[in-house]
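Asker: Take this sequence and fold it.
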Amino acid sequence: MKKTVKILLPAGKTLLMYLAFRVLTGNLLLSTGGGVGIGQLISMLFPYGLFTLLVIFAAALGVRYAPEPPVRGWERVFTVAVALMWLLGWSFNATDGWGVLYDGIVSAALTVLTYLGLMALVSTALRWLKALAKKLAAWEPKVPKALERHPFLASWAAIFLCWLPFAVIRYPVGIEYDAHFQIEQFLGLQPMTAHWPPFSSMLMGSFVWLGGALFDSYDVGIFVFILCQSLVCSAILAYTVKTMADLGVARPWRLVSVAVYALAVVYPSYLTAAVKDALFSAVTVLFVTLLIRCLYLPHRRGRPIILGVTALLMCLLRKNGVYVLIPCLLVLLVWALIRKDRARLLAAVALAAACLLNAGYEKILLPALDIPAGSVAEALSVPFQQTARYVRDHPEDVTAEEREIIGAVLDYESLENGIYNPDLSDPVKIAYHGDTRALIRYMGVWGSQFFRHPGTYFQATLANSCGFYYPDARNLIFYDNLEVYENFNFSDPPALRPAKNLLYTYVASMDTLPVLMLFGSAGFNTWLTAYFVTRALRRRDKKLLLALLPSVMGILICVAGPTYTWNGVRYALPYMYATPLLMGLSVFLKGNKKEGHHEKPDSGTDPLL
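Answerer: Here you go, the predicted structure:
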């Protein structure tokens, strides 16, 4: 009996994995809603050809030789969650809801089989990845002496040199449209507002202004900014490698991290471009790195101050920074008070000071400079999208009183006329015209309507944030400067156009390269972060949970954000860029060392203590 089970179980997993692959890649759920015959269904699931046999054979090998032990406990919960959200992600990526998953008996049956197949796939992949990580951690490759003696400087040089062509070939700049408007605001060509971060606008705009003042060329100014930003961002990533070396992370993973930073195009595509999320994302990674050093390494004088300054910069560069900072501050403060830990209490005080200074900047300095605040609607993507979908799908359930209350906040006629876009909240947010009192009344209606049609609310949020949890979603943006603006434009040298075309081809190729492509997937990085959380929970590792908190908050911010489909990967960059460091900390940290015993004697200069 046991022998039979040993044969049938892998065979069943193999078949389910193949079915999941075939259903999702062949979009079969979109073809079976009207009902199909059994013969037609079989021919759709098992099309004749060598490719079908090869896929089944590869799946069989993966299942048959998957290393032990199987997934257990928290990892099983993780597997169930990933399979469910993967299936939902496919559905919302292909349509704008989950109705296709149960549109008839055949569709429902395929959905169940696909879900089981995804569970088998995730659990098998998890077993292989755990075994690979174990072998990688035990491997002791020879590395260049410079990298071993000077992990920061050597990594910095390698990363920056690999990024340099991205900056030079896109001369003077690859720029996102928001950044162009930010520069126009600083130059006085548009009124300055806090809709875009004024501090970020000042940084970019001051370089452009200096280029015009000193060299009579905005092109020179923005190019110097891009070079400086590239140097700073590559240095921050190199510092994560130095931190991993100090913590005792396995050498192979440090090498892999340098290679990922240098070669995965999701890094230079954004960090050598003018986009407000670039520097913010890098500074957030620096914040995570310094937080980890405060948690894991012996206390050094000055480190809390640097942590506080970094936290303040993170908040100044983007409003999202404060939503990362406050939870970290509260958890660190409670931990320090309970354990009576003076070093971590100092770090918490530094973070509290950063919060207060940021509040003064927003509430006192910006109003004093006559810079108006951004619209409150920017923080209301989730409820506004849910209301818009509710009006679209259940107009008969909206009472006259509810219509009046909603209309005092949003343009109800626009909602009726179909401005709702499942992938983007901006059309609905633009319709906002309420005040505080109207908004409070609206929130009451929003809450009551949830209990009438909760599925509509969930679908609105899942549709708007699909790519942040669906591993197969791809949305890398490679910025150029071809768009023509009314007030001024940066040049587009014709001599560089052939090189730019080659660079586009390179980016498109590398973004689909196995392994490296995973680091450019927001959904994959979301689930990697979730896996790190399951490991921390299983080991009851409080320090690791706190180190993961900024990334967890980053994911929640993305889910509550305006979009994924429309240039939304940039919102996920902070936690995507932190993944190599957190992977090293969670999976490749050697031994089970006690606090204060991770740091090795510095073989090079530590630029930030």
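Asker: can I assume residue 348 is in contact with residue 326?
Answerer: No - look at residue 348 against residue 326 with C-beta atoms under 8 Å: they stay out of range, at 11.7 Å. Backbone N, C-alpha and C define where each C-beta goes, glycine included.
Asker: what is in contact with those two at once?
Answerer: Residues touching both residue 348 and residue 326 (C-beta atoms under 8 Å, 6 or more residues apart in numbering): there are none.
Asker: Mind checking which of the two has more residues around it?
Answerer: Shown here are residue 348 and residue 326; by other C-beta atoms under 10 Å, residue 348 has more neighbours (25 against 15).
Asker: any idea how far the more buried one is from residue 82?
Answerer: 34 Å (C-beta to C-beta, to the nearest Å).
Asker: cool, residue 504 as well?
Answerer: From residue 504 to residue 82 the distance is 32 Å (C-beta to C-beta).
Asker: Residue 474 too?
Answerer: The gap separating residue 474 from residue 82 is 18 Å, by C-beta to C-beta.
Asker: And those two? Which one has more around it.
Answerer: Taking neighbours as other C-beta under 10 Å, residue 474 and residue 82 compare with residue 82 leading, 25 against 15.
Asker: I'd guessed the more buried one sits against residue 527; true?
Answerer: Yes - counting by C-beta under 8 Å, residue 527 is a contact partner of residue 82 at 5.4 Å.
Asker: ok, now which ones touch the residue most central in space within the chain?
Answerer: With distances taken as C-alpha atoms, centre = their mean, residue 572 lies nearest the centre of the chain, 2.4 Å away. By C-beta under 8 Å, 6+ apart, the contact set of residue 572 is 468, 522, 525-526, 554-555, 558.
Asker: Ok, residue 348 next?
Answerer: Contacts of residue 348 by C-beta under 8 Å, 6+ apart are 329, 332-333, 336.
Asker: That one: which element?
Answerer: Using DSSP states H and E, residue 348 maps to helix 342-360.
Asker: likewise residue 374?
Answerer: Judged by DSSP H and E, residue 374 forms part of no helix or strand.
Asker: Tell me the predicted confidence for the closest residue to residue 392 other than its chain neighbours.
Answerer: Nearest residue to residue 392, sequence neighbours excluded (C-beta to C-beta, 6 or more residues apart in numbering): residue 420, at 5.1 Å. Looking at residue 420, its pLDDT reads 96.
Asker: One more: residue 8?
Answerer: On the pLDDT scale, residue 8 is placed at 62.
Asker: mind checking the backbone torsions on the closest residue to residue 222 other than its chain neighbours?
Answerer: Among residues not flanking residue 222 along the chain, residue 173 sits closest, at 4.6 Å (C-beta to C-beta, 6+ apart). In terms of degrees, to the nearest 10, the main-chain angles of residue 173 are phi -170, psi 150.
Asker: can you count the residues close to residue 173?
Answerer: Residue 173, neighbours per other C-beta under 10 Å, totals 28.
Asker: Could I get the contacting residues of it?
Answerer: Residues counted as contacts of residue 173 (C-beta under 8 Å, 6+ apart) are 219, 222-223, 225-226, 273-274, 481, 490.
Asker: CSV for those residues, including pLDDT and distance to residue 340?
Answerer: Output for the contacts of residue 173, formatted as CSV (pLDDT from 0 to 100; distance: C-beta to C-beta, whole Å):
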residue, pLDDT, distance to residue 340
219, 96, 57
222, 97, 50
223, 98, 52
225, 98, 46
226, 98, 47
273, 97, 46
274, 97, 47
481, 80, 55
490, 95, 55
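Asker: who wins for most neighbours among the residues you listed?
Answerer: Neighbour counts for the contacts of residue 173, by other C-beta under 10 Å, peak at residue 274, which reaches 28 neighbours.
Asker: Now intersect the contacts of residue 348 with the helices, please.
Answerer: Those of those mapping onto helices are 329, 332-333, 336, per DSSP state H.
Asker: Now the buried members of the residues you listed.
Answerer: Buried positions within the ones in helices among the contacts of residue 348, assessed by neighbour count (16 or more other C-beta atoms under 10 Å), are 329, 332-333, 336.
Asker: Domain-wise, how is the chain divided?
Answerer: Split into domains by automatic domain parsing, the chain comes to 2-138, 145-374+474-484+516-587, 376-464.
Asker: now the ones you listed as TSV including distance to residue 497?
Answerer: Below are those laid out as TSV (distance: least, C-beta to C-beta, whole Å):
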stretch	distance to residue 497
domain 2-138	33
domain 145-374+474-484+516-587	10
domain 376-464	31
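Asker: Can you tell me which of these is most buried?
Answerer: Of all those, domain 145-374+474-484+516-587 carries the top mean neighbour count, a mean of 20, counting by mean count of other C-beta atoms under 10 Å.
Asker: Any idea how far apart the tips of that domain sit?
Answerer: One end of domain 145-374+474-484+516-587 to the other measures 25 Å (C-alpha to C-alpha, to the nearest Å).
Asker: what do you get for stretch 100-108?
Answerer: Using C-alpha to C-alpha, one end of stretch 100-108 lies 9 Å from the other.
Asker: Could you give the separation of that stretch from the chain centroid?
Answerer: Distance of stretch 100-108 from its chain centroid, counting by C-alpha atoms, centre = their mean, to the nearest Å, is 32 Å.
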